[in-house]
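> have a look; sequence and predicted model below, questions after that.
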Amino acid sequence: MRLGLVIDLDVCVGCHACAIACKEWNASGTIGPLSDYQPYGAEPSGVWFNRIRHFEMDEYPNNKTVNFPMSCNHCEDADCVTVCPTGASYKRAEDGIVLVDQDKCMGCNYCSWACPYGARELDRSSGTMKKCTLCVDRIYDQNLPVEERQPSCVLTCPAHARMFGDFDDPDSAVSRVVRERGGYGLMPELNYNPTNQYLPPRRKPVIEMSGAPKGGLKESIKQFANRLVRR
Amino acid sequence: MNAKIKLENHDRQQIKYTTCYMCACRCGIKVTLEDDKVRFIQGNRNHPTNQGVLCAKGSAGIMKQYSTAKLTQPLMRKPGTERGEGIYEAISWEQALDVLTERLEEIRATDPSKLAYFTGRDQMQALTGLWAQQFGTPNWAAHGGFCSVNMAAAGLYTIGFSFWEFGAPDWDFAKYFIMWGVAEDHSSNPIKIGLEKLKRRGGKFVTVNPVRTGYSAIADEWLPIKPGMDGLLAMSMVHVLLKHEQFDYDFLVKYTNASWLVVQTPGQKGDGLFLRDEAGNPLIWDIEKEIFKNGVDGDIAPALFGEYVAPDGRRVKTVFSMLAERYLDVRYAPENVALEVGLPAETIERIALEMAHVAFKEAVELPIEWTDVWGRKHDKVVGRPVAMYAMRGISAHSNGFHACRAVHFIQMLLGALDGPGNFRARAPYPKPIPPHQLPENNIDIINAPNTPLSRPPLGFPTRPEDLVVDEFGNPLRIDKAYSWEVPIASHGMMHMVITNATNHDPYAIDTLILFMANMAWNSTMNTKNVQDMLRMKDPEEPGEYKIPFLVVIDAFHSEMTNFADLILPDTTYLERYDTISLLDRPISEPDAAADAIRYPLVTPDRNVRPWQEVMVELASRLKFPAFTKPDGSRKFKDYPDFIVNFERSPGIGFLSGWRGKDGSKSLKGEPNPKQWEKYIENQSFFAHHWPENQKYIRYANKDYLEVAADAGFVGKVEPIIMQFYSEPLQKFRLAGMGLYDGPQPNNQVDRERLVKYFDPLPMWYEPLEQQRVDAGEYPFFALTQRPMFMYHSWDSQNVWLRQIMAQNYMYMNARKAAEMGIKDFDWIWVESHNGKIRCQVKTMEGTQEDTIWTWNAIGKQKGAWGLKENASEATKGFLLNHLISELLPEKSGERRVTNSDPVTGQAAWFDLRVRIWKAEPGETGSWPQFDTLKPYPGDERYERPNVLRYDARSHEKN
Amino acid sequence: MHPAFSVIFFTVASGAGFGLFSLLFIADTFKLGGGFERDQLVAGGLIAMALVVFGLLSSTFHLANPKNAWRAFSRFRTSWLSREGVFAMIFMPLALIYLASIMFDAPLWLREISGFLTAVLAWITVFSTGMIYACLKTIRQWNTPLVPANYLALGYASGSLLLLLGAVISGLDTMPYIAMSALIVAIAAVLKAIYYFWIRDPGLSPTINTATGLTRAKVKLLDTGHTHGTFLTQEFGYRLARKKAGLIKTLVFVIGFGLPGLMLIAVFNGESGQFAALAAALGGLIGAAMERWLFFAEARHVVNLYHGAQRC
């Protein structure tokens, strides 16, 4: 299996629901707590696994705003794993999820240097690196209802801009949608082979218009005629 | 190599369902509790509103529950300290209730109007309104006057339902969707769910908005309109549709008043009113029988166009002829409005024709048999799959009522209302146009001591007689709603209360109760001056304030509570019983009537009480008739008891599910003592799904209207004819002209406003404030919107949400900024006719060139909302509100007039014009700055650590 | 990249230590300038080891969870950081054996083999340090063979200047030491110059377009989704003004290469030799520290593309 996410940039409205749902689940989840620094102070900050950036394409008035959620891409060639000196970072053979063993991590930040996507954030309180687990503590939990065994960001996304599935299965919903919509991975030139795929904003639908009306254009009320229509 | 993944131990967990209250969306939530701590909040998959999804606020509810801004006990301003100093003493609930009861008893026994009770972001207006009505004060309203009343009133006076909460786009069938001026906040989850459905099906999404963020980001086409020009754009589209003869003739004839005849006797009484028969029915000209007939009847073949002579000799003309004459005028031609609205003429024409194409060439037909209200059976439902939604950008302008009506005109012309793929009604709507409910205006009843009002304080006037004024035409309400100045102020005018009460205009009040409304900060116009007004002493009553007693009810320490004389601390939404009632703002969806409850999931750890509970208590102490048994004893033990047993009319109560003694009845039935239990068993909501034959065209759907009449949604089964031409407006206009048989205004300002703005057909005019400020001097429009992750969730003290945004910037068009030598993160001054502020700039492409805008309510007063003094919300964040006046700029010879829509009283906070310039080097930080709020007694319990590590399951890990 | 003091100190000190130790072995083996005496060799070796040890200790200060530092040796097969640690750990006992064999007059073969292995390990360790940075595809300015070359050259340059200082203090014939220093410092200067010219335009690198996949038009960041800094902006967000970078580069060459060069001439001319050698060594170390600071400050991690950078 190669589990990961599809993010549909065409429908993401940038609401940050995924980021908060992620924070909420993982704060009390197996990797939690996730520290918040200066939570009431001057410059609040904290550990998040999911951040939403907002970009603008092109120039006014042809510009388009693109909301851009990012989390761990669970890369096939994950340098964050190979550079880790302690063995805390690992990629699971059975499903491709990249995890950090909190009991082994020494907090050297090196894996975060190797990650092009900013997926890893150090929790200064625990001194360990933390990152998206693809909610590994949800997706395999037999005590949760089947339909809820999904990452919490996917469960919550109000625009259904996030899909979760197995990219090794060519017939899975994620594989199909990536084929149909031209899904792509980020920064392909670095050859990390990210598992997560992004669906591009679509092109405008074209409305086929009919020509001028039969009776010609109306300039004045006198050109209209009553029709017999019974209520 | 692989470490074993530890899965969660669920042994100590409980799952409960309730209703979110992080915004007005009111989604169903599934809450996992670990002991008494909140482990996880997620969307309820079965809930009609959110269908399992949940927005950022919803998930951040945990951090609201554990907020350090929570009030902990009742507080009384310390004797000897001044209002606004923020020095308080703890008192017991008994003391607090005694003080308040005594004061209210005195007011109620002497002059009930001396109590003003206004509510903010609450969602229980059915209860608060009932309470005010029972008290006997007309001075009650919620925050609709500065939020949505233009949308509500325009819809309810035109189509019988409305944008805002009384309708929703049909996402399942719409192929073309236009969103007008919807800030990225409104109707949180349903719109997000819907936009995705629409786009997934290949539908086109067009957004009309000066700013491209949020929903507009994913639009297929962005129309960067100049603020306040939406009405003109809509009217130009009407022009294009007429010119190309793209309108649904059948729909106009059957479901609208397009064929009704209007009397044409300019300068005479009765001009512009409908030609009516002796029974008062509006008449049409039947082209088959060539006689005048009742325009409400079914058996007619009306002329849509034409001028006729009535039997009494008066000339009459069809509504549609008048409409076509007006909007075919070249004034509305795209090329003649392009410059004003800021969009190319070709675009305006193309969008109008695209809509027409989709409506007429790509119609949806559903094989559903249904019966119309005139008794004819139909074998299918035809939908013209163009849907619209509109909100803030239309609403918050002083020309918004007419603009919104113009948008409804497009819908009516296309026949695109409540059919498949349209903007569709949500129960209890549609209602008669306007709804048959008049505001209490009997001065004897209003002045009578210890007497409830005979009607609710708010309603829908149809003629000058319905105004809430005295015999001299002076307002009877403190906010002047339903006065000659703003006759159809159907949501009240909360934004005027403090100003009017301070000026003792129209009269002085004794006590102001504010519930969940931050009127000393982001929910008021003119913030700084309003704070001064709250502090203002009455020179005639030494020691007294202009507003003598101020009671604030809230769960959190806000800029507003700081001004209270008495603070009553509320619970959070996870700690109390609550109803989301069909008598109130509905959570229904087009396909289902729905209501919901909340019940306590978490035990409050502080000395707080739900305001619902306190209101029932006060109502009982004050012996309101609806809350008292004939023997004088209290009728309801508590709030849950009240909800179950109170009936507005027999069988109709706050909750519509599981009624009847055994819980077997829906919508209507006797009280069920086990009703709460049934709701809790059923995930805290009730949904009545409409059968197929009752889903569409409900303004003329017999089967639907029968159910609606039985459930009390409408008075009786009768067609709801949509109103292109609004006769109520014409009546007010006639009064302004001195041509009305009935009350007329005696003030010249009022007369002029009525004549000018009460046009029975939509008109566009420059927003009122802009008529009085020099566009050359103040070249920019200035707007605000709430970010999606904080909409209606005013308390951005939430430690997770504030990490996303803890400072707002002023956004402006990048090219414009470059021209002015302004760069990202420069500090600038922004000045309006009302004042100036200093703030920090960010540039972007997606802002209309003449517009600047910012995120609202990020700026906080130091020390408020449980934040530390140096929070960037206070040091760098800012409010635009300081620049916006609640009054129009002064004009000589005129009394000060509200800065609101002249029809509805909607606060015109989007009419603002400003100028900007770069601050001097060294001028940094937001300005103005205010004193730091002091912590309250009880605040010691909160630590506010430098690192927070929330974990509901920490007991398992340590 | 955020220039962390602990890492700068670590790489400069350990580089100099490893360089010094290797060159000490060469000086000993070839008896350069007459050769150091036993105690001098041991003292020099201990000084070199102290530099390495303090460097390594300092590097643990930047660990957020040092109690797990011992695990750092476990990923030798894939991680250059792990390799660096392992090689440094092997270096230590070998270095001690070498010094012990000098101290206790052990058989020459033991002295020479242990010395040789120690020198090789020193070289490999410094190379590994360089590879820690050079292997990162996320940082274009580092992802080049010039980086380990620079690390080696600078480590050995500062080591050679320290050794020269030792030679001057010990009263040896300074000529071979001057020659060695001159050669290595010159190589280091040339390599550094190449690096500085190269990073002005390091070729194809990720852009905001490839980072977002939005390649059809110009893309700009509108908002990062957080008002204040995050771990990512603190760790990777460091920005250095071009002008300041130019100034520091000049200083690196003036203090790190120019000053030692001049001092070498002074030593050669026999003018206040001890002072000149000390100035040369200090100049080398300070220059290396400035170079190292700049090495971090000028590195642009590609994650900055998600925080507003157009290219990295």
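Received it, and whenever you're ready, just let me know what you need.
> in chain A, which helix is the longest?
Scanning chain A for the helix with the most residues, using DSSP state H, yields helix A:17-27.
> name the next helix or strand downstream of it, please.
Going down the chain from helix A:17-27, the next helix or strand is strand A:36-37, by DSSP states H and E.
> helices or strands up against that following strand?
Counting contacts by 3 or more CB pairs under 8 Å, 6 or more residues apart in numbering or on different chains; DSSP states H and E, strand A:36-37 packs against strand A:45-46, strand B:947-948. Yep, even glycine has a C-beta here, placed from its N, CA and C like the rest.
> most packed of those strands?
Of all the helices and strands packed on strand A:36-37, strand A:45-46 carries the top mean neighbour count, a mean of 23, counting by mean count of other CB atoms under 10 Å in any protein chain shown.
> what strands line up against the helix or strand following that one, and which way round?
Sequence-wise, the next helix or strand downstream of strand A:45-46 (DSSP H and E) is strand A:51-57. Strand pairing for strand A:51-57, using DSSP bridges, gives strand A:64-70 (antiparallel), strand C:219-223 (antiparallel).
> so of those strands, which one's packed in deepest?
Stretch with highest mean neighbour count among the strands paired with strand A:51-57: strand A:64-70 (a mean of 25; mean count of other CB under 10 Å).
> for that one, list the C-alpha coordinates in CSV.
Listed next in CSV are the C-alpha coordinates belonging to strand A:64-70 (Å, rounded to 0.1, in the frame of the first residue of the first chain):
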residue,chain,number,x,y,z
LYS,A,64,-6.7,34.0,-9.3
THR,A,65,-6.3,33.2,-5.7
VAL,A,66,-5.2,29.7,-4.9
ASN,A,67,-5.5,28.3,-1.4
PHE,A,68,-2.8,25.7,-0.8
PRO,A,69,-2.9,23.3,2.1
MET,A,70,0.3,21.4,2.9
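> in the stretch 101-250 of chain C, which residue sits nearest chain B?
In the stretch 101-250 of chain C, no residue comes nearer to chain B than residue C:227, which is 4.2 Å away by CB to the nearest CB.
> which residues touch residue 25?
Reading this off chain A. A:135, A:138, A:152, B:40 (CB atoms under 8 Å, 6 or more residues apart in numbering or on different chains).
> wait, I meant chain C there
Remark: with contacts taken as CB under 8 Å, 6+ apart, residue C:25 is in contact with C:98, C:115, C:116, C:118, C:119.
> in the helix or strand containing the last one, what counts as buried?
This points to residue C:119. Counting by DSSP H and E, the secondary-structure element that holds residue C:119 is helix C:108-134. Residues of helix C:108-134 classed as buried: C:111, C:114-119, C:121-134 (neighbour count, 16 or more other CB atoms under 10 Å in any protein chain shown).
> stretch A:209-229 now?
Result for stretch A:209-229 [16+ other CB under 10 Å]: buried residues A:218, A:221, A:224, A:226, A:229.
> for the residue in chain C sticking out farthest from the centre, give me the pLDDT.
Distance from the C-alpha centroid of chain C, by CA atoms, centre = their mean, peaks at residue C:216 (42.3 Å). pLDDT, the model's per-residue confidence, is 91 for residue C:216.
> list the contacts of the closest residue in space to it that isn't next to it in sequence.
In space, residue C:216 comes closest to residue A:57 once its chain neighbours are excluded; the distance is 7.2 Å by CB to CB, 6 or more residues apart in numbering or on different chains. Residue A:57 is in contact with A:63, A:64, A:65, A:66, C:214, C:216, C:217, C:218, C:219, counting by CB under 8 Å, 6+ apart.
> who's the third one bridged to?
Read that as residue A:65. Under DSSP bridges, the beta-bridge partners of residue A:65 are residue A:56.
> what about it, distance to residue B:784?
18 Å (CB to CB, to the nearest Å).
> swap in the last one?
From residue C:219 over to residue B:784 the distance is 27 Å, taken as CB to CB.
> of all of chain A, which residue lies closest to chain C?
Among the residues of chain A, residue A:107 lies nearest to chain C; the distance is 2.7 Å by CB to the nearest CB.
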